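Participant: What shape does this take:
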Amino acid sequence: QEELVESGGGLVQAGDSLTLSCTPSGRDFEDYSMGWFRQAPGKEREFLAVISRISGTVYYADSVKGRFTISRDNADKVYLQMNTLKPEDTAKYYCAAPFRPKFVTTTPSDFYFWGQGTQVTVSS
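Facilitator: Predicted coordinates:
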C-alpha cells in the first residue's frame, strides 16, 4: 500500500510552470519532514527540496533554488511548485519522508518512505 502518492506531472514546454502534489495515505506524517527528489534515466536520484513540519525550515538544491518552491498544508499534503521549467528538468519526481519524525535531512539514503513518482517531461 502506497503511503505517499504524487500527482501533477505531465508534458509541458520550456518556460512553463507545473505544481506537483504529494498526498500521505494510510500513515500519519504529521511530525515528519518531507522532501522532493527526481531521477532522470541513467542518473542517480537527486535531492531537490525538503521542508520541516516543526519549524517550517526549507532547504533547496542549488540546481533548483529560485525556480522551485516546496510547501505543505495543514493536512500534510506537500507541494512542489516548479517555474521556468527547462528540458533538463525532465525526470520522474518523487516525494519522500525520512525514517523517523522530527528529522530534517537532504541525504536520499535517510529517506525511508517513498511514493511511486510522477513523470515530468519538458520539451524544448
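Participant: where does the protein have low pLDDT?
Facilitator: 1-2 (pLDDT under 70).
Participant: For the residue nearest the centre of it, list each beta-bridge partner.
Facilitator: Central residue of the chain (CA atoms, centre = their mean): residue 36, 2.0 Å from the mean position. Residue 36 has these beta-bridge partners by DSSP bridges: residue 49, residue 95.
Participant: likewise residue 19?
Facilitator: Under the criterion used here (DSSP bridges), residue 19 is bridged to residue 81.
Participant: residues contacting it?
Facilitator: Neighbouring residues of residue 19 by CB atoms under 8 Å, 6 or more residues apart in numbering: 8, 79-82. C-beta: built from backbone N, CA, C; applies to glycine.
Participant: Make a ChimeraX selection of whichever of the residues you listed turn out to be buried.
Facilitator: The ChimeraX selection below is limited to those of these classed as buried (16 or more other CB atoms under 10 Å):
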select :8,79,80,82
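Participant: Export the contacts of residue 19 to a markdown table and append columns for distance to residue 104.
Facilitator: A markdown table is the format used below for these (distance: CB to CB, whole Å):
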| residue | distance to residue 104 |
| --- | --- |
| 8 | 24 |
| 79 | 18 |
| 80 | 17 |
| 81 | 20 |
| 82 | 22 |
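Participant: Tell me the one of the contacts of residue 19 nearest residue 112?
Facilitator: residue 80 (19.4 Å; CB to CB).
Participant: what about the closest one, distance to residue 23?
Facilitator: In this view, residue 80 and residue 23 are 13 Å apart by CB to CB, to the nearest Å.
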